[in-house]
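Asker: Return atomic coordinates for the entry below.
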Amino acid sequence: MSPISKRADARLRQRIVLGLLLLALLAVVAYVVEAVVAVVVVAVFLYYAVRPIYRFLRRFDLGKRKRAALALVLFGVPFLVLLFYTVAIVLLETAQLVEQYGVQDQLVRGVLEADLGGIELSELEETIAGASATAPLASLGTGLLGFLGMASSLVVQTMVLVLLTYYMLIDGPRFVAWLLETFDRDGVLTEYVRAVDPELSATLFGNIVNVFVTAAVGIVVFSLYNVVAPPIVQVPFPALLGALAGIGSLVPVIGIKLVYVPVALALLVRLVLEGDYSALLYVAGFVAVVGVLVDAIPDLLIRGLISGENTHTGLLIVAYIVGPAVFGLYGLFLAPILLVLLINAGYVLVPYVVSGELPHSRQTRLAEFDSLEPTDPGRGTDPEPGGPRSDRTTGISTPREP
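Answerer: Numbers count the residues shown, from 1 in each chain. Next up, the predicted model:
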């Protein structure tokens, strides 16, 4: 074997070893991402939610790091606090609902009466009762340790979420530009990113923010109504109904009427059954206030940001329903992301795969010039004439034509 062939074989073996090491590294990264997939998905949503604020602050001649920190402080952190508070209140009121109507015993018994491998239900109940009576301190200690573990995990995940969103704001466009410059020879992936990015921005920032804003306003309005209304016409479980109003805002045309109209009818039925019509004015005020503050105003302010050009509203509703059922709570964010990726793959990637023809870049619209990301890493200045320019919403740097 010639020296040239030996060197080629040695180089091939070295490439194979490096390739195996790269695959192992990617496997470890995939394992880590899979363990924190919920944090990554919520970070993507938070990135698109705070990016308009991040770009708006550019006009104040601030650096990228300051803008990213301010955007997170002004919107990101308050949104997370509101999200955690809303979830906690809804869980508490759901537990109260279950306890009030006495269905917790049926739920527990239904679980216990499932196939438990031959274990008798009466024996299991006696064992649990004996353990609770003999070891209350041990149970308390175990519960306390479990609570501390859950709280520490929540704090760590929140820190990772904020840091990941921060670095996506300041380095995300540059990282995407490097990936496309390195691996996208034909320009099809660049066109795909150009199509996906504004759709994700409109879908996530519009729809999800509309849900949470409507839910927060609904919780406040329902709770304040209960403060002034007599007991006979008070809204039961205002936080839970407020959260349902936020979800109902996804339904076109009808919206949260699916929530507050049945509630108002139930209050009227209660008045009729009790024979007390003195509180009819409160029910009418409830419908009027909720119709304006919870239904009309959030819809008018946010509805224009809700859907992108290619994503069908009906498919989005299906995604919001199926996502949490399939993936869990973070599926509320993951399913719309997957839907946008799939639809734009049909527009951009499928024609390229089938025909081999490269996609034609469209002209940037006037409204998109405000979202161009400057190439200067520190200041909000325009790029130099003749130098690289950033693509509309992605911030991807593309060379100018000679």
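
Asker: average pLDDT for stretch 324-335?
Answerer: Throughout stretch 324-335, pLDDT has a mean value of 83.

Asker: pretty sure Asp186 is in a strand, no?
Answerer: No: counting by DSSP: H, G, I helix; E, B strand; the rest coil, Asp186 is not part of a strand but coil.

Asker: That one - how many residues pack around it?
Answerer: Neighbourhood size, Asp186 [other C-beta atoms under 10 Å]: 11. Quick note: C-beta positions are derived from backbone N, CA and C, even for glycine.

Asker: ok, it to Pro198 distance?
Answerer: Distance of Asp186 to Pro198, computed by C-beta to C-beta, to the nearest Å: 22 Å.

Asker: same thing with Ala288?
Answerer: For Ala288, the distance to Pro198 equals 37 Å [C-beta to C-beta].

Asker: can you check Val211 too?
Answerer: As judged by C-beta to C-beta, Val211 and Pro198 stand 20 Å apart.

Asker: Enumerate the residue intervals of the stretch 151-300 of the chain where per-residue confidence is below the cut-off.
Answerer: Within the stretch 151-300 of the chain, the segments meeting pLDDT under 70 span 207-208, 250-253.

Asker: just the stretch 1-150 of the chain next, same as before
Answerer: 1, 76, 78-80, 82-83, 85-87, 90, 93-94, 96-147.

Asker: Could you rerun that using 80?
Answerer: Across the stretch 1-150 of the chain, the ranges flagged by pLDDT under 80 are 1-4, 6, 74-150.

Asker: how about the helices in it?
Answerer: Using DSSP state H, counting those that start in this stretch, the helices found in the stretch 1-150 of the chain span residues 3-35, 37-56, 64-71, 77-100, 104-112, 121-134, 136-183.

Asker: Determine the set of other helices and strands touching the helix or strand following the last one.
Answerer: Helices and strands here follow DSSP states H and E; after helix 136-183, the next one along the chain is helix 188-203. Packed against helix 188-203 by the contact rule (3 or more C-beta pairs under 8 Å, 6 or more residues apart in numbering; DSSP states H and E) you find helix 37-56, helix 136-183, helix 331-344.

Asker: Apply 10 Å and report the result again.
Answerer: On a contact count with 3 or more C-beta pairs under 10 Å, 6 or more residues apart in numbering; DSSP states H and E, helix 188-203 meets helix 37-56, helix 136-183, helix 331-344, helix 350-355.

Asker: After that helix, heading C-terminal, what element do we hit next?
Answerer: Following helix 188-203 in sequence, per DSSP H and E, is helix 209-228.

Asker: Flag every buried residue along that following helix.
Answerer: 209-219, 221-222, 225-226 (16 or more other C-beta atoms under 10 Å).

Asker: Stretch 279-297 now?
Answerer: So stretch 279-297, judged by 16+ other C-beta under 10 Å, has buried residues Ala279, Tyr282, Val283, Phe286, Val287, Val289, Val290, Gly291, Val294, Asp295.

Asker: Name the helix or strand for the fifth one, please.
Answerer: When you say that, I think you mean Val287. Secondary structure from DSSP H and E places Val287 in helix 280-289.

Asker: mind exporting that helix as PDB, just the C-alpha atoms?
Answerer: What follows is helix 280-289, C-alpha atoms only, in PDB (Å, rounded to 0.1, in the frame of the first residue of the first chain):
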ATOM      1  CA  LEU A 280     -81.400  41.500  38.400                       C
ATOM      2  CA  LEU A 281     -79.500  44.800  38.000                       C
ATOM      3  CA  TYR A 282     -76.300  43.000  39.200                       C
ATOM      4  CA  VAL A 283     -76.700  40.300  36.600                       C
ATOM      5  CA  ALA A 284     -77.200  42.900  33.800                       C
ATOM      6  CA  GLY A 285     -74.200  44.800  35.100                       C
ATOM      7  CA  PHE A 286     -72.100  41.600  35.100                       C
ATOM      8  CA  VAL A 287     -73.000  40.900  31.500                       C
ATOM      9  CA  ALA A 288     -72.200  44.500  30.400                       C
ATOM     10  CA  VAL A 289     -68.900  44.800  32.300                       C
END
